[in-house]
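Asker: below are the sequence and a predicted model; questions follow.
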Amino acid sequence: MRASRLNLPPPPHAGLALQRYLKQQDDENASARELLTHIANSQVSTVYRTAFERWKESLKGAIWLEATTRTPLAIGLGNSSPLENGLALHHTYGTPYLPGSALKGLLRRVAERYGLTEQEKAVLLGEGPDPKRKNQGNAAYLVYWDGWLDPASSQPFQSDVITVHHREYYGKKGAVWPTDFDDPNPVAFLSVKPGVKFCIPITSPAENAQDWPYKAAEMLKWGLENLGLGGKTNAGYGYFTVKPPEKPKGELELGLELLEGYRKRIAGIKPANERGELDFFLRELADKPPALRKPTLEALKKHLQEWKVWKTSNPQHARIQELLDQ
Amino acid sequence: MQAKMIFWQALTPVHPGTGQDSSSVIDLPVAREAATGFPVIPASSLKGVLRDGRGLEKNDESEEAAIARRVFGYAGKKKKSDSEEEEDISQAAELTLTDARVLFLPVRSYAGTFAFLTCPLVLERLKRDQKALGLPELKASIPNPGQTDALLAQNTQIVHGDKVILEDIDLSAKVGGADALAQELGKLVFGEEAGYFVERFALVSNDVFAYFCEMGMEIIARVRLKSDTKTVERGGLWYEEAIPAETVFSSFAIGKSGFDEINRPYIQIGGQASVGRGLLRRLGVKYES
């Protein structure tokens, strides 16, 4: 750090503070802890809020996962920082984020467990060229964007600590015994605290492949909840609760919903009101797409059959059959 | 002949790659102009993204393919419909695109989160190109900042004390030193959003700008993990460089037709696309001539 800055408190930009404003390295790690406490107390900047809105606007066609940290998150520990332990921080805004490459890497691990075929993996993750050069490989068909911090989580950081109890033992790779007399060495680092929300968009540039992002989102949700993201997952870091994207309903689901609304009315069809009720249903269903009206028509037919009046010579019954066959 | 000036803003980091570079600690650097060292998005990248593969299929006879070939050009032959002979259907593009050059570079700042840096060289070049293409030129004069000065707008957010403190360089703040310029550029490039730009505008010397073009890029460490052990594979650590989010680029489109092709609010460009790099928004097509 430059001497002229020694009297300045660290800036609100967390990345800048972490990389450039550590006062000194001391044995007690006092200045490191001071710096981290400062960052943990800093707020997300207002310029980030507008940038977030702009970014969200630009990815309108994407499907969105909302992932909230359930445990602390330590991602990008290897990023360069004078504290030895870094964190994935957005270069321009200094906010924590989930790198798209980490999400894609997590998806690759999930894909191993889901038992996907090679072709499915090639679509979701891309495929390297094979060594014999027979196949050139292909890029992934989906885009895994960085997950941005929801600005509502305005204080995302916490000052964290990892304590090495047997420095000699680890440093000399086991040549010295670990004993109870060793001095513990607490190392301060920065992590994202639990309860912080990130928005993760996934897009598919191909127009006729809109089911794939949902598939990827489902797998990613499972990975974020069960495998964890980033470092120290075996120590409980990096687990999320995920709100998956709402998939637009298919015709089959909509058809079942339609039937659900009519179920009572169908059960109420009796000899006395049969003609009028069937008229009503035929009128209602005639314009609906075949897949949508099918469950209701089948239920009508079944009701009439159970009641043993189903006859194709009846013009209304014949019309039901006709609509079913279309 | 028409010319349009187009501004793009990076919403995510952009990686217009040059392939591997063994001479640097950065494994995958971004493309830079040879003479200045400023990062650049080559025109060929822009053109490729805008074309999006249309009209490259030899046997494609559709209307869309014909338009794409006229606007973006084509090299190839096709069989004549009435005989076995082939005819040459190559044609040059009617639309010319220029490299998208850095106009404003975001640099992390002690105050105001980040500053939008530019320098006289960048603005003089823009002015020269505007003149050559018959577009209205920047009106405000371009002052020449000293080596340790930052000329700012009147209404600025990036000053602490009497300094602009960027990464590891401290500059003396000249508040209002480039107010007219900041206002004009804000209006030209950002329109209604000019406020947040003007507050962060800093005109610095060419040397300072060049320094941040060299050292102020985003460096992203990437690792490849072994799936079973979750440890890094041998040789699976590399460093990528990217032009940071918020950077504003300027480019020109020149030609007879095909300007509709640029009318897109967003494009994705450059390398590492599947992990979300290279999302640009267009800041408005300005000034026809």
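Answerer: The structure has been received and is ready for your questions.

Asker: what segments of the stretch 201-326 of chain A are strands?
Answerer: Ranges of strands in the stretch 201-326 of chain A, per DSSP state E, counting those that start in this stretch, are A:240-243.

Asker: show me where it dips below the pLDDT cut-off.
Answerer: A:248-250 (pLDDT under 70).

Asker: quick one, helices of it?
Answerer: With DSSP state H, counting those that start in this stretch as the criterion, the stretch 201-326 of chain A has helices at A:211-226, A:251-267, A:274-285, A:290-306, A:315-325.

Asker: ranking those helices by burial, who's on top?
Answerer: Most buried of the helices of the stretch 201-326 of chain A, by mean neighbour count (mean count of other Cβ atoms under 10 Å in any protein chain shown): helix A:211-226, with a mean of 20. To be clear about C-beta, it is placed using only N, CA and C from the backbone, and glycine gets the same treatment.

Asker: quick check, it touching chain B?
Answerer: No: against chain B, helix A:211-226 shows no contacts by Cβ under 8 Å from any Cβ of the partner chain, the least distance being 11.2 Å.

Asker: from the chain's centre, how far out does that helix sit?
Answerer: 7 Å (Cα atoms, centre = their mean, to the nearest Å).

Asker: about what we covered before: for residue B:81, find the nearest of the helices of the stretch 201-326 of chain A.
Answerer: helix A:211-226 (39.0 Å; Cβ to Cβ).

Asker: name the helices or strands packed onto that closest one?
Answerer: Here helix A:211-226 touches strand A:63-69, helix A:100-114, helix A:118-125, strand A:197-203, strand A:240-243, going by 3 or more Cβ pairs under 8 Å, 6 or more residues apart in numbering or on different chains; DSSP states H and E.

Asker: rank those by pLDDT, which is bottom?
Answerer: Lowest mean pLDDT of the helices and strands packed on helix A:211-226: helix A:118-125, a mean of 80.

Asker: what angle do that one and helix A:211-226 make?
Answerer: 80 degrees (axes from the mean of the first three to the mean of the last three Cα atoms, to 10 degrees).

Asker: what's the burial count for residue B:129?
Answerer: Neighbourhood size, residue B:129 [other Cβ atoms under 10 Å in any protein chain shown]: 18.

Asker: can you read off the pLDDT for it?
Answerer: At residue B:129, pLDDT is 93.

Asker: you'd agree it is up against residue B:252?
Answerer: Yes: counting by Cβ atoms under 8 Å, residue B:252 is a contact partner of residue B:129 at 6.5 Å.

Asker: find residues that contact each of these two.
Answerer: residue B:98 (Cβ atoms under 8 Å, 6 or more residues apart in numbering or on different chains).

Asker: hang on, the earlier thing: burial-wise, tell me which of the helices and strands packed on helix A:211-226 comes out on top.
Answerer: Scoring these by mean count of other Cβ under 10 Å, the most buried comes out as strand A:197-203, with a mean of 23.

Asker: partner strands of that one and their direction?
Answerer: strand A:63-69 (antiparallel), strand A:143-144 (antiparallel), strand A:148-149 (antiparallel) (DSSP bridges).

Asker: identify the residues contacting it?
Answerer: By Cβ under 8 Å, 6+ apart, the residues outside strand A:197-203 that reach it are A:56, A:59, A:61-69, A:97-98, A:103, A:142-145, A:147-150, A:152-153, A:213, A:216-217, A:220.

Asker: again, only this time at 6 Å
Answerer: For strand A:197-203, contacts defined as Cβ atoms under 6 Å, 6 or more residues apart in numbering or on different chains pick out A:59, A:62-68, A:98, A:142-143, A:145, A:147-150, A:153, A:213, A:216-217.

Asker: one more: stretch B:240-258?
Answerer: The contact list for stretch B:240-258, computed with Cβ under 6 Å, 6+ apart, reads A:91-92, B:3-10, B:12-15, B:26, B:28-30, B:39, B:71, B:94-98, B:100-101, B:103-106, B:217-220, B:262.

Asker: and the residues you listed, which are buried?
Answerer: Using 16 or more other Cβ atoms under 10 Å in any protein chain shown as the burial test, the contacts of stretch B:240-258 include A:91-92, B:3-10, B:12-15, B:26, B:28-30, B:39, B:71, B:95-98, B:100-101, B:103-106, B:217-218, B:220, B:262 as buried.

Asker: relative to residue B:123, which of the helices and strands packed on helix A:211-226 is closest?
Answerer: Using Cβ to Cβ, the nearest of the helices and strands packed on helix A:211-226 to residue B:123 is helix A:100-114, at 34.1 Å.

Asker: residues of the stretch 1-150 of chain B that sit close to chain A?
Answerer: B:11, B:106, B:108, B:110, B:113-114 (Cβ under 6 Å from any Cβ of the partner chain).

Asker: need these in TSV with pLDDT, can you?
Answerer: Formatted as TSV, the residues of the stretch 1-150 of chain B next to chain A follow (pLDDT from 0 to 100):
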residue	pLDDT
B:11	93
B:106	95
B:108	94
B:110	91
B:113	91
B:114	94
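
Asker: in strands only, show me those residues.
Answerer: Among these, the ones falling in strands (DSSP state E) are B:106, B:108, B:114.

Asker: doesn't residue A:134 fall inside a strand?
Answerer: No: under DSSP: H, G, I helix; E, B strand; the rest coil, residue A:134 falls outside any strand and is assigned coil.

Asker: that one - how many residues pack around it?
Answerer: For residue A:134, using other Cβ under 10 Å, the count is 7.

Asker: what's the pLDDT at it?
Answerer: pLDDT, residue A:134: 71.

Asker: so what's the residue in the stretch 101-250 of chain B that chain A sits nearest to bridging to?
Answerer: With Cβ to the nearest Cβ, the shortest gap between the stretch 101-250 of chain B and chain A falls at residue B:218, namely 4.0 Å. Residue B:218 has these beta-bridge partners by DSSP bridges: residue B:242.

Asker: with residue B:255 instead?
Answerer: residue B:2, residue B:95.

Asker: still on that earlier bit, reformat the helices of the stretch 201-326 of chain A as CSV; add distance to residue A:109.
Answerer: Converted to CSV, the helices of the stretch 201-326 of chain A look like this (distance: least, Cβ to Cβ, whole Å):
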stretch, distance to residue A:109
helix A:211-226, 7
helix A:251-267, 31
helix A:274-285, 47
helix A:290-306, 37
helix A:315-325, 46
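
Asker: nearest to residue B:232, of these?
Answerer: helix A:211-226 (19.0 Å).

Asker: residue A:136 and chain B: what is the separation?
Answerer: Taking Cβ to the nearest Cβ, to the nearest Å as the measure, residue A:136 falls 16 Å from chain B.

Asker: equivalent analysis for residue A:269, please.
Answerer: To chain B, residue A:269 is 54 Å away according to Cβ to the nearest Cβ.

Asker: and the helices in the stretch 51-200 of chain B?
Answerer: Counting by DSSP H, counting those that start in this stretch, one finds helices in the stretch 51-200 of chain B at the ranges B:63-72, B:120-132, B:179-185, B:194-198.

Asker: out of these, deepest packed?
Answerer: Taking mean count of other Cβ under 10 Å, helix B:179-185 is the most buried of those, at a mean of 20.

Asker: any idea of the mean pLDDT for that one?
Answerer: Average pLDDT, helix B:179-185: 93.

Asker: repeat that for stretch B:39-57.
Answerer: Across stretch B:39-57, the average pLDDT comes to 87.

Asker: where does pLDDT dip in chain B?
Answerer: Chain B contains residues with pLDDT under 70 at B:22, B:284-289.

Asker: thank you, goodbye.
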